[in-house]
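Below are the sequence and a predicted model; questions follow.
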Amino acid sequence: MATLEEFTKMQFEEDDFRPFTGEAHLGNFSAYYIPASGDLSIGVRIKLDFTDSKTGKWTKPDQDLFKKNLPLIAKDWNDNFLIKCMKPGWEKLKPAKPRFQLIEYAPPHYTMKVIAALKDCGNFVRPEGDGQLWAQSADRLAKAATSMINTKKDMKLPFCIPIDKPGGAQFSVQSLSTLETFATMTKLIMGDNTSKFNVELVGFGLKNDKTKALDPKANKANAEKVKSILEQFCGLKVKYQLFACEDEKPEDPSGRGYLGLATMGVVVYPNVDDIERFFPKDPTAIVDILQAPLVHEFGHMLGLPDEYNLLCSESVDTMVGLGVMGPNAKMIKEDEARLKDFGAASSLSSKSPRITAHQKAYIELCRDAGMPPPVFGKSTPSMMSVGTKFMAHHCVTVWKALCDMTKDHVKPDEWVVKLL
């Protein structure tokens, strides 16, 4: 184990770093760390396979323009966080500052087929080291209309905030994150009409200890607690209506089982008519969800999962085990319906053991890095959902690369992520 002085004279490099192993092995990039300066270079090398289609053919100028846009993608990832060393006596060590780069260079980490098509024909990255893009994958406006349609559809879905103890509302970290995300998306989309938006909160499942009958007063009180969180913690000022469910469980209008199998909790019902009335007509109106597909796919190259996918049942078990979700937060297994909601081709991205394994491993890595995992199964402003926002949990695979490179000198818990 080196002294601080010795450590600052070293350099560390991983040319093909894979943050996950086995079935969960999405992600491959290079990492180069210089302690003396704090520079932490994170690079993804790609090979571009320009492919003509029935609706388009590549020209040399068009190929050159696509290549020119590649470095711009990394800008969305730069200047978002530092990784500070907290090892006792090493306070003077400069924080590691990640700088991301996406370049066409050999040998590639990924070979990407780029199709000259007029319409989006699918964007994806696979663990095998290949993937697919289309001619406008670097354009923020290319999928604006599709993104708005999917976001609108998603916003109409009710969702459940599970409660784990009969004595009152006990909210997990994941439940608080879900409510915060809902508030953020509502304010983004509704804008000046936010205060006119109606939301129903329905408490259910809580029973009287003596009679074992449903307790309307207690269930409505739990709905009031969710309202308080949305208003005070999340700053969401809308028109709330509070109810207690007269049945064991509220109905799920979506028919998809998105309310899960929780035995008690509060269901949030966004008003569908209000969404139709106030949702922006201009697909470019909401800047925070104008995502360039390649920015999102770059995240997959770093090993990050799709956050719009629902939690797999195995991941729920992991979340419960880590204390992020309560034991009452059971959910059904995801089928292909959710993926189809977001326009994914089932032949390319349908539910598979690899997706399950990767999601589970990623949640565990978030735990190791001291980061709360993302809100899965919702449209959010996150880069790995439908938006453009860099989130704290997007740091974890880079954090792991730094930990692995310096493991002989610094313990993993001595590297701490600091957002900028």
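Received it, and whenever you're ready, just let me know what you need.

Find the nearest non-adjacent residue to Phe204, please.
The shortest distance from Phe204 to any residue other than its chain neighbours is 3.7 Å, reached at Cys245 (CB to CB, 6 or more residues apart in numbering). Every C-beta, even on glycine, is put in place using the N, C-alpha and C of the backbone.

just Leu419 next, same as before
Once flanking residues are discounted, Leu419 sits nearest to Phe81: 5.1 Å by CB to CB, 6+ apart.

ditto for Gly56
Per CB to CB, 6+ apart, closest to Gly56 is Ala116, 3.6 Å.

Number of residues surrounding that neighbour?
Neighbours of Ala116 under the rule other CB atoms under 10 Å: 20.

Could you report the separation of it from Ser137?
From Ala116 across to Ser137, the span is 12 Å (CB to CB, to the nearest Å).

One more: Lys217?
As for Lys217, its distance to Ser137 is 54 Å (criterion: CB to CB).

go on, Glu91?
According to CB to CB, Glu91 stands 43 Å off from Ser137.

ok, Lys94 - how many residues close by?
Residues lying near Lys94 (other CB under 10 Å) number 15.

ugh, wrong one, Asp15
Asp15: 13 neighbours (other CB under 10 Å).

Which secondary structure state does it sit in?
Following DSSP: H, G, I helix; E, B strand; the rest coil, Asp15 is assigned to strand.

Look up how far Tyr105 lies from it.
Per CB to CB, Asp15 is found 12 Å from Tyr105.

now do Asp62
Distance of Asp62 to Tyr105, computed by CB to CB: 21 Å.

got it, and Ala117?
According to CB to CB, Ala117 stands 26 Å off from Tyr105.

More neighbours: those two, which one.
Ala117 (17 against 14).

Surely that one touches Trp134?
Yes. At 5.2 Å, Ala117 counts as touching Trp134 under the criterion of CB atoms under 8 Å.

Contact partners for the closest residue to Asn208 other than its chain neighbours?
The shortest distance from Asn208 to any non-neighbouring residue, by CB to CB, 6+ apart, is to Asp215 (4.6 Å). Residues counted as contacts of Asp215 (CB atoms under 8 Å, 6 or more residues apart in numbering) are Leu206, Lys207, Asn208, Ala244.

Just the element for Lys113, please.
Using DSSP states H and E, Lys113 maps to strand 110-116.

need the next SSE after that strand, C-terminal direction.
Sequence-wise, the next helix or strand downstream of strand 110-116 (DSSP H and E) is strand 124-125.

name the element Leu188 belongs to?
Assessed by DSSP H and E, Leu188 sits inside helix 173-190.

Wait, a helix at Leu133?
No. Counting by three-state DSSP, Leu133 is located in no helix; its state is strand.

pretty sure Pro381 contacts Thr184?
Yes. Counting by CB under 8 Å, Pro381 touches Thr184, with 6.3 Å between them.

and the end-to-end length of stretch 80-88?
In stretch 80-88, first residue to last residue: 25 Å (CA to CA, to the nearest Å).

can you list contacts of it?
For stretch 80-88, the external contacting residues (CB under 8 Å, 6+ apart) are 38, 40, 93, 95-98, 390, 392, 394-395, 398-399, 402, 410-411, 413-420.

Tell me the buried residues in that stretch?
Buried residues in stretch 80-88, defined by neighbour count with 16 or more other CB atoms under 10 Å: Asn80, Phe81, Leu82, Ile83, Lys84, Cys85, Lys87.

With Glu6 as the reference, measure out to the third one.
The gap separating Leu82 from Glu6 is 22 Å, by CB to CB.

same thing with Leu419?
To Glu6, Leu419 is 30 Å away according to CB to CB.

before we move on, what about His25?
For His25, the distance to Glu6 - CB to CB - is 34 Å.

the helices in this structure, which residues?
Taking DSSP state H as the criterion, the chain contains helices spanning 4-7, 60-75, 144-155, 173-190, 216-228, 272-278, 293-301, 313-321, 336-341, 346-349, 353-369, 396-405.

Report all helices and strands that the longest one contacts.
Using 3 or more CB pairs under 8 Å, 6 or more residues apart in numbering; DSSP states H and E as the contact criterion, the neighbours of helix 173-190 among helices and strands are helix 144-155, strand 159-162, strand 265-270.

so can I have CSV of those showing distance to Arg277 and mean neighbour count?
Formatted as CSV, the helices and strands packed on helix 173-190 follow (distance: least, CB to CB, whole Å; neighbours: other CB atoms under 10 Å):
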stretch, distance to Arg277, mean neighbour count
helix 144-155, 12, 18
strand 159-162, 21, 24
strand 265-270, 12, 25
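
For these, give me CSV that also has distance to Ala31 and mean pLDDT.
Output for those, formatted as CSV (distance: least, CB to CB, whole Å; pLDDT from 0 to 100):
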stretch, distance to Ala31, mean pLDDT
helix 144-155, 31, 87
strand 159-162, 37, 84
strand 265-270, 41, 90
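
wait, which of the ones you listed is closest to Ala285?
For Ala285, the closest of the helices and strands packed on helix 173-190 is helix 144-155, at 8.2 Å, according to CB to CB.

orientation of the closest one relative to strand 265-270 in degrees?
140 degrees (axes from the mean of the first three to the mean of the last three CA atoms, to 10 degrees).

residues in contact with helix 144-155?
Outside helix 144-155, the residues within contact range by CB under 8 Å, 6+ apart are 120, 185-186, 189, 270, 275, 279-280, 283-284, 286, 289-291, 308, 341-343, 378-379, 386.
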